[in-house]
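Q: Sequence first, then the predicted structure:
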Amino acid sequence: MDSFIFYGDYAKQIQADNLLQVIGNDLTILDSIQLAAVEECVSYLKQKYDIAQAFQAITQHDTTKAYKAGQTIYLDAPAYDATKTYALGILVSQDGKIYKCTTAITVHETFTIAHWTFVGNQNAIYYAKYSETPFNYKTIYAVGNKVFWKDKVYTCRITTQILDHEAQLQIGIAGISKIANIFPDDPIKGVQYWGVGVAYSVPTATEITNTNFWILGDNRDQKLLQICIDIALYHAHCRISPRNIPELRIIRYIGHGEDRETRGQRILYPTYCALGWLQSAAIGNDVTPELPLLQPAQGGRIRFGGNQKNTNNY
């Protein structure tokens with residue numbers, strides 16, 4: 001099941017043997033636990049951050065599929081089986097590495113490196129490159145500038161307008177932004193400013209080794225990923241013995257008992273634990289994660305301060 005977390009992520013925080021013991025060697029148990037962990041994080045962050053981007057699911061790479069720019073995948077394949085035959089192009093895993101068949105295997109044989117080409121390490125993470133820099137409503141664009149926005153490439157047709165002092169006075173709204181950008185998909189002025197856009201994706205049959213389309217690395221927010229895994233591991237241990245959860249998992253989830261403080265009906269957690277980090281990130285005071293913020297309503301302006309001051313001449 002696709003999720004923001006995949007099995008390979010747990011190696012950063014727990015040994016594989018220990019994890020398999022916790023889940024009883026049944027990887028399907030992780031599916032619901034992972035989804036619950038992500039939903040718990042989303043419940044704290046959805047009022048402020050773009051959840052669709054921040055929690056984009058990671059999937060296993062499949063050359064038969066097209067991928068959107070920014071999409072994250074991991075490399076994996078079935079283990080090599082000496083009792084099977086393999087056609088050209090088939091991927092297998094062997095000793096923690098992924099190989100592609102370059103010589104058809106028509107008879108049973110032990111793994112022979114000469115018949116295979118190394119592709120990458122098992123569970124290695126890649127993400128699809130953006131063809132252009134993503135659109136940012138705070139940026140000033142000139143005619144001809146290209147941006148990426150919601151799976152399309154747009155070309156600027158009209159230079160970004162900068163509102164002068166008098167223009168801001170005429171609008172009569174407190175503290176509007178001086179940059180009057182139009183979103184590329186704005187239903188009223190989008191086409192006028194940006195055209196209809198050109199759809200972009202990584203084509204099917206694109207090899208993961210093609211650096212024109214793929215980057216080796218993880219573009220997910222690593223702190224958010226760590227928090228999700230901490231929550232998932234806590235709940236995974238709960239299913240075994242709710243009264244005997246390892247202290248480390250309790251600390252990573254809700255902190256030390258003496259650290260927690262009750263104010264009325266609200267429990268405040270220390271920021272080093274998962275719940276404390278989420279609470280602080282939602283407020284944005286002590287913790288300000290590098291997550292995509294919710295964009296303002298399309299075509300709208302941003303309020304940020306007091307009344308616009310008059311310029312008086314005498």
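A: Looks like it came in fine. Values in this document were obtained by computation on a predicted structure and should not be read as measured data.
Q: and Gly8, that's in a helix?
A: Yes. Remark: Gly8 belongs to a helix, assigned using DSSP: H, G, I helix; E, B strand; the rest coil.
Q: Spatially nearest residue to it, not counting backbone neighbours?
A: Asn123 (3.3 Å; C-beta to C-beta, 6 or more residues apart in numbering). Every C-beta, even on glycine, is put in place using the N, C-alpha and C of the backbone.
Q: That neighbour belongs to a helix?
A: No. Under three-state DSSP, Asn123 sits outside any helix and is assigned coil.
Q: Look at Ile267 and report its pLDDT.
A: pLDDT for Ile267: 52.
Q: Pretty sure the residue nearest to Gly8 sits against Asp76.
A: Yes. The pair formed by Asn123 and Asp76 meets the contact definition of C-beta atoms under 8 Å, at 6.1 Å.
Q: Quick check: neighbours shared by the two?
A: Gly8 (C-beta atoms under 8 Å, 6 or more residues apart in numbering).
Q: re earlier: for the residue nearest to Gly8, give me its contacts.
A: Taking C-beta under 8 Å, 6+ apart, one finds 6-8, 11, 74-76 in contact with Asn123.
Q: Low-confidence ranges, the stretch 151-300 of the chain, go.
A: Within the stretch 151-300 of the chain, the ranges that satisfy pLDDT under 70 run 164-177, 257-268, 295-300.
Q: Which parts of it are helices?
A: For the stretch 151-300 of the chain, applying DSSP state H, counting those that start in this stretch gives helices covering 165-171, 190-194, 222-238, 247-254, 274-283.
Q: Columns distance to Ser32 and mean neighbour count on top of these, output as JSON lines?
A: Below are the helices of the stretch 151-300 of the chain laid out as JSON lines (distance: least, C-beta to C-beta, whole Å; neighbours: other C-beta atoms under 10 Å):
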{"stretch": "helix 165-171", "distance to Ser32": "50", "mean neighbour count": "12"}
{"stretch": "helix 190-194", "distance to Ser32": "40", "mean neighbour count": "18"}
{"stretch": "helix 222-238", "distance to Ser32": "9", "mean neighbour count": "20"}
{"stretch": "helix 247-254", "distance to Ser32": "17", "mean neighbour count": "17"}
{"stretch": "helix 274-283", "distance to Ser32": "18", "mean neighbour count": "21"}
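Q: so which of those comes closest to Tyr49?
A: helix 274-283 (8.1 Å; C-beta to C-beta).
Q: elements contacting that closest one?
A: helix 29-45, helix 222-238, helix 247-254 (3 or more C-beta pairs under 8 Å, 6 or more residues apart in numbering; DSSP states H and E).
Q: For Gly190, which of these is the nearest?
A: helix 29-45 (28.0 Å).
Q: Compute the inter-axis angle for that closest one and helix 222-238.
A: 130 degrees (axes from the mean of the first three to the mean of the last three C-alpha atoms, to 10 degrees).
Q: What is helix 29-45 packed up against?
A: helix 51-54, helix 222-238, helix 274-283.
Q: helices and strands around the longest one, which ones?
A: Going back to what we said before, that points to helix 222-238. Using 3+ C-beta pairs under 8 Å, 6+ apart: helix 222-238 touches helix 16-22, helix 29-45, helix 247-254, helix 274-283.
Q: got the CA coordinates for it in PDB?
A: Presented in PDB, the C-alpha positions along helix 222-238 are these (Å, rounded to 0.1, in the frame of the first residue of the first chain):
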ATOM      1  CA  GLN A 222      13.500  14.300   6.800                       C
ATOM      2  CA  LYS A 223      12.300  15.600  10.100                       C
ATOM      3  CA  LEU A 224       8.700  15.000   9.200                       C
ATOM      4  CA  LEU A 225       9.600  11.500   8.000                       C
ATOM      5  CA  GLN A 226      11.400  10.900  11.400                       C
ATOM      6  CA  ILE A 227       8.300  12.000  13.300                       C
ATOM      7  CA  CYS A 228       6.000   9.800  11.200                       C
ATOM      8  CA  ILE A 229       8.300   6.800  11.900                       C
ATOM      9  CA  ASP A 230       8.500   7.500  15.600                       C
ATOM     10  CA  ILE A 231       4.700   7.500  15.700                       C
ATOM     11  CA  ALA A 232       4.400   4.300  13.700                       C
ATOM     12  CA  LEU A 233       6.900   2.500  15.800                       C
ATOM     13  CA  TYR A 234       5.100   3.500  19.000                       C
ATOM     14  CA  HIS A 235       1.800   2.200  17.800                       C
ATOM     15  CA  ALA A 236       3.500  -1.000  16.400                       C
ATOM     16  CA  HIS A 237       4.800  -1.700  19.900                       C
ATOM     17  CA  CYS A 238       1.300  -1.000  21.400                       C
END
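Q: quick one: that helix to chain centroid distance?
A: Relative to the mean C-alpha coordinate of its chain, helix 222-238 is positioned 16 Å out (C-alpha atoms, centre = their mean, to the nearest Å).
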